[in-house]
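> 3D model of this:
(2 chains)
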Amino acid sequence: MRNGPRHDPITDELQSKIKTLHSSIWERRADWPEVLDWLDQFEEHDDPDADEQLQALRLLSSFMYFGMNEIRALLRSLFRDTFRPQVAKEVRSGLHPSTALGMIGGMVDVELRRTRFVSLGNPSESSALLLYYFRQENALPKNLFLHGSDIFDLSAVGSGGGLKVQDTDITRYVFIDDLCGSGDQGREYSDRVVRPLKSISPGVKTYYYPIFGLSDGIEHLRMHSAFDEVYPVVELDPTFRAFATDSRLYVEPKIAPLRLPTEATCRRYGCELVPGHPLGWEDGQLYIGFAHNTPDNSLPIFWCDHTCPRPWRPIFRRYPKVSW
Amino acid sequence: MSGVTSSNPFSLTKANDLSDDQIQELWVDIAPPDSPDSLFSAGRFASPMPTFILGSKGSGKTHLMRYASFPLQKKRFERDELRPLAGTQLDGYVGIYTLCSGLETGRFQGKGQSDEAWLEVFSYYLELSLGIAALAVIDDLLDGDIQDKIEPMFCAAVDRLFDSDPPVTNSVAALIDELERRKRELDYQVNNAAFTGELVPNVTASRGKLVFGIPQAFQNCSSDLGGFLFAYQLDELENLTEAQQRHVNTLVRDRRGPATLKIGARQFGIKTHATMSAGEENIRDSEFEELRLDLRFRRNEKTYRDLVALLVERRLQNFWPQSSTGLAGRGRRLTDWFEEPKRDPFDPFFMKLVKGALSSERPHMLHLRDALESWLPRGIVWGVRNDEDIQAIMNAIAVPDAPLLEKLNTFLIFNAWAKGVNLVQTASSVRSDCQAFVRSKGAGRYRQKLDHYKSDLIAQMFRDASFRHNYGGLDEFTRMSEGQPRALITLLKQTFDWATFQGERPFEAGSISLDAESKGALAAADWFYNNMRKAGGEGQAILIAVDRLAELFRINRFADNPIECSLIGFSVSARVGSKTSQRTLRLALDHSFLVEILGGQSERNSEQVTGKFQINRMLVPKWGLATGRRGIKPLSEAEMNAVFDPEMGEAFEKVKADWTSRMNAPFERARRASKDFVNGNAGDSQDDLFGD
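Numbers count the residues shown, from 1 in each chain, chains lettered A, B, ... in the order given. Here you go, the predicted structure:
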């Protein structure tokens, strides 16, 4: 990398931007030696347009990192601006328009007490961690939270009885996740938990609220899952895909020609790192990371480590789900 | 330090942001407080003569005034196990610090009320504010038995200071409560005047009655209470309107009893010295004294260097305990923590700069050869008849082992070319001068040229090599801060940030790299520059002017034959320039984008007609200019207007063309452009912009 006395205005500008990000939003996760260490894995070229290191540096300078404070704020928004208004809307829909607001508020609170917030997947995964912060940020009592397996009462299964719901008073189940990429994981969960639930309690409502969601994945879930409501706090439209034709990273005319060469670079390394998904899970092409982990929908060049087919030094490490 | 966790020991740059403890612990002085040379003494807090403490932003006014204020005095009394009254008597004063911005003076205007009414309201408001502050101090000074004895007598005396509705109280605390109540009432009226359309304050005390009467009443109570002054410290006076400043000036003029005023303001924040006493003006050294902080520092470089070294040490001790640079047990000098730019012409660094190329392939040699070959056919290369002559010149000036000297030699050839001197002969004498210098390294004409032009020559070599220009070393940073400690702290803050980001361990191990220092200097310059964007239209005018000036200085710095070395300064006659350009010049000075050059005829307030100014050196990294000013370029009226009048963009382009043409081969004087330009701007008889 062009480190040292050589003055390259583009590198200087990107370095300056990364320094600002590092010391603020990135929570000091990527100082310059680490960046250089990461960049060293790419090839350097005298022609700036063909210089892989410069391409990678430019991508890195756009990396969207959400620290714990930001995640907590988004979790507040999830409850305050997404779920609670939805419940209020549903409550109001059954009432006369003249009903006093105070009364509606009371009814919403009653409905909230009959709601359960559920983590997706294994209790050791990020969804469970998010629920912990979600409870703290929104000052909710812990009896409103449960794990997916606690939805059902399995006591009669195997002794002639069928699957039952543990608590029949519950009217709403809210599933919280950090990111909905392709929607595969959500759909799989829907098939495994939500459909059986709806089959025995058709009246309950189920909600899938990821903090971030790619438009395609969200649409896929709305079409093909059993959730009644699918809504992300932040929707990432296709322009958030790094190399989409209308990618927001390459809008500037000066930068636009770099889109395809950069994609080729990322694909080349990605093929070695995650052969089936060189640009991220299901071609996610994201450049997003969270304090607790980096999703696999992001470009593998950011998060792959020594466990990949080609040992790699990540800049925003991903802690994968290890199978034993 | 208490309550501070920071990843950068220089992150706090404004005295307003520091706690009392931090003000105390970060205070440094150049001499013991009782020495007449000390900064503290210069504030003359115990002198009855009012003092204006002036200086540009960041020159240390607030730190000095807060350090001298009562909350900090009390801390020192506690440390010295003195009771407040005894300590105050020992100090000879008690400092009553008030920030003018805290008075929210913008409220005292408009809203359908007359200027006279607002001035009276402001006057009363200030009276109440300072009266409350004085009473609070008195409440602290009265402790133990003396309080019971004195309080009723004192309160009765204060009652008599009021023209009507005296607050009938028998304790200082109750007095304060009552004055606070009246102030709140006034706040309410002022804040709501726009809605109520009314302003009917109950003014119960005349101007100065409380401000000067309360200290007098206090000291009249007992002879034991005398021996010190109440020093009202009004900081940031620039936030007051001209009329409000006139009111403060009147207090300065009417000062009486055991009270005085110490007023802090930006250097150009004093809008008037007029008073309301029959329009009389206060005269310096008659009604008040003046302390100009940054001027004091800039006049005495050594003192300033010592001060900033102490200041940095103190920061490190308090905020960066892991530093091994503490005074006790420090293994190295403070300056050793900073990598210095290379200046020695024999340093191998210069060979790296030309990538070890042969003389004939180095950029400066190629450039000279190219210029000679291009202009030879037109017969304007003096003394050069053919390619053999060119080759002879190139052979004569080559210095394979010292590229910087070789660069100087090319400059000397260009210089001779500009003067119309025979270049072949010049090359021969340059060769012998250079060889003599290489042998002896001694003083002489060649050495002098090297010293004078080194900065510009190195800058050109850096540019040829696409290297980032270097700024670094504590001495250079000190020089760049122009007598403003905050500027130095800002430079160090940015440098520290860059160094740690790049994996260095500043003040712990190794030295801060030139790379980090240069980036820090550039970041500090950008910060300083971009702050001005917020200053609206005036700010834009300043930016345009300073950009233009810098552009001209860059033309000079990177020219074949710079007319001045390390040019960042200019001189201009006070009678020269349109009203607009003079105003912009003044604004640029007010905001410290330009700095007056001290000495001789430069004094702004003197009778001299020519002012000398320079770009604030904090800004120079933005344009890769020099930090060590040498040359000063006199500006003609046309140049002055072209630079300082934002509307004169076209004229400025002509000035640029003129400068470029004059300083670069073949050194045609751009007669047509110059003449058109000069003649087109009436009254400028300076045909040759540079003179001889």
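
> What is the strand or helix carrying B:Cys155 packed up against?
Taking DSSP states H and E as the criterion, B:Cys155 maps to helix B:145-159. The contact analysis (3 or more CB pairs under 8 Å, 6 or more residues apart in numbering or on different chains; DSSP states H and E) places helix B:145-159 against helix B:172-196, helix B:209-220. Placement of C-beta: from N, CA and C, glycine included.

> out of the ones you listed, which comes closest to A:Thr99?
helix B:172-196 (37.8 Å; CB to CB).

> Give me the buried positions along that closest one.
Going by neighbour count (16 or more other CB atoms under 10 Å in any protein chain shown), the buried part of helix B:172-196 is B:Val172, B:Leu175, B:Ile176, B:Glu178, B:Leu179, B:Arg182, B:Lys183, B:Leu186, B:Gln189, B:Val190, B:Ala193.

> For that helix, which outside residues touch it?
For helix B:172-196, contacts defined as CB atoms under 8 Å, 6 or more residues apart in numbering or on different chains pick out B:107-108, B:110-113, B:121, B:124-125, B:128-129, B:131-132, B:135-136, B:138-139, B:142, B:151, B:154-155, B:158, B:167, B:169, B:198-202, B:204.

> between it and helix B:145-159, how many degrees?
40 degrees (axes from the mean of the first three to the mean of the last three CA atoms, to 10 degrees).

> Show me how far helix B:172-196 is from its chain's centre.
Here helix B:172-196 is found 39 Å from its chain centre; the criterion is CA atoms, centre = their mean, to the nearest Å.

> report the angle between the axes of it and helix B:209-220?
Using the same axes, to 10 degrees: helix B:172-196 against helix B:209-220 is 180 degrees.

> Need the pLDDT of B:Gly379.
For B:Gly379, the pLDDT comes out at 81.

> again with B:Arg439
pLDDT for B:Arg439: 93.

> what about the strands in the stretch 551-692 of chain B?
B:569-573, B:594-596, B:610-615, B:632-634 (DSSP state E, counting those that start in this stretch).

> Deepest in the core, which of those is it.
Compared across those, strand B:594-596 shows the largest average neighbour count, a mean of 23 (mean count of other CB atoms under 10 Å in any protein chain shown).

> tell me which element B:Leu261 falls in.
strand B:259-266.

> Pairing partners for the helix or strand that that strand is followed by, with directions?
With elements assigned by DSSP H and E, the helix or strand that comes after strand B:259-266 is strand B:289-292. Each strand paired with strand B:289-292, and its direction, by DSSP bridges: strand B:51-55 (parallel).

> how far off strand B:259-266 does the partner strand point, in degrees?
Going by the same axes, to 10 degrees, strand B:51-55 makes 10 degrees with strand B:259-266.

> Make JSON lines out of the helices and strands packed on helix B:145-159 and add distance to A:Trp281 and mean pLDDT.
What follows is those, written out as JSON lines (distance: least, CB to CB, whole Å; pLDDT from 0 to 100):
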{"stretch": "helix B:172-196", "distance to A:Trp281": "59", "mean pLDDT": "93"}
{"stretch": "helix B:209-220", "distance to A:Trp281": "73", "mean pLDDT": "96"}
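
> now the strands for the stretch 201-324 of chain A?
According to DSSP E, counting those that start in this stretch, the strands that the stretch 201-324 of chain A contains are A:205-214, A:229-230, A:234-236, A:288-290.

> okay, these in TSV with mean neighbour count next?
Below are the strands of the stretch 201-324 of chain A laid out as TSV (neighbours: other CB atoms under 10 Å in any protein chain shown):
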stretch	mean neighbour count
strand A:205-214	25
strand A:229-230	20
strand A:234-236	18
strand A:288-290	24
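
> For chain B, which of those is the nearest?
strand A:288-290 (19.1 Å; CB to the nearest CB).

> what residue ranges in the chain score low on pLDDT?
By default, I'm working from chain A. A:1-7, A:321-324 (pLDDT under 70).

> oops, I was thinking of chain B
Low-confidence segments of chain B (pLDDT under 70): B:1-6, B:323-331, B:532-536, B:599-609, B:669-692.

> hey, C-alpha coordinates of stretch A:263-272 in CSV?
The C-alpha trace of stretch A:263-272 is given here as CSV (Å, rounded to 0.1, in the frame of the first residue of the first chain):
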residue,chain,number,x,y,z
GLU,A,263,-16.6,-6.4,-8.5
ALA,A,264,-14.2,-8.6,-10.4
THR,A,265,-11.6,-8.2,-7.7
CYS,A,266,-14.0,-9.0,-4.9
ARG,A,267,-15.4,-12.0,-6.9
ARG,A,268,-11.9,-13.3,-7.6
TYR,A,269,-10.9,-13.3,-3.9
GLY,A,270,-14.4,-14.3,-2.8
CYS,A,271,-14.3,-17.4,-4.9
GLU,A,272,-11.3,-18.5,-3.0
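
> Identify each buried residue in that stretch, please.
In stretch A:263-272, counting by 16+ other CB under 10 Å, buried: A:Glu263, A:Thr265, A:Cys266, A:Tyr269, A:Gly270, A:Cys271.

> ok, the residue lying closest to the fourth one once chain neighbours are set aside - contacts?
Beyond its immediate neighbours in the sequence, the residue positioned closest to A:Tyr269 (CB to CB, 6 or more residues apart in numbering or on different chains) is A:Ile301, lying 5.3 Å away. Residues in contact with A:Ile301, defined by CB under 8 Å, 6+ apart, are A:Ala56, A:Leu59, A:Cys266, A:Tyr269, A:Gly270, A:Leu273, A:Trp312.
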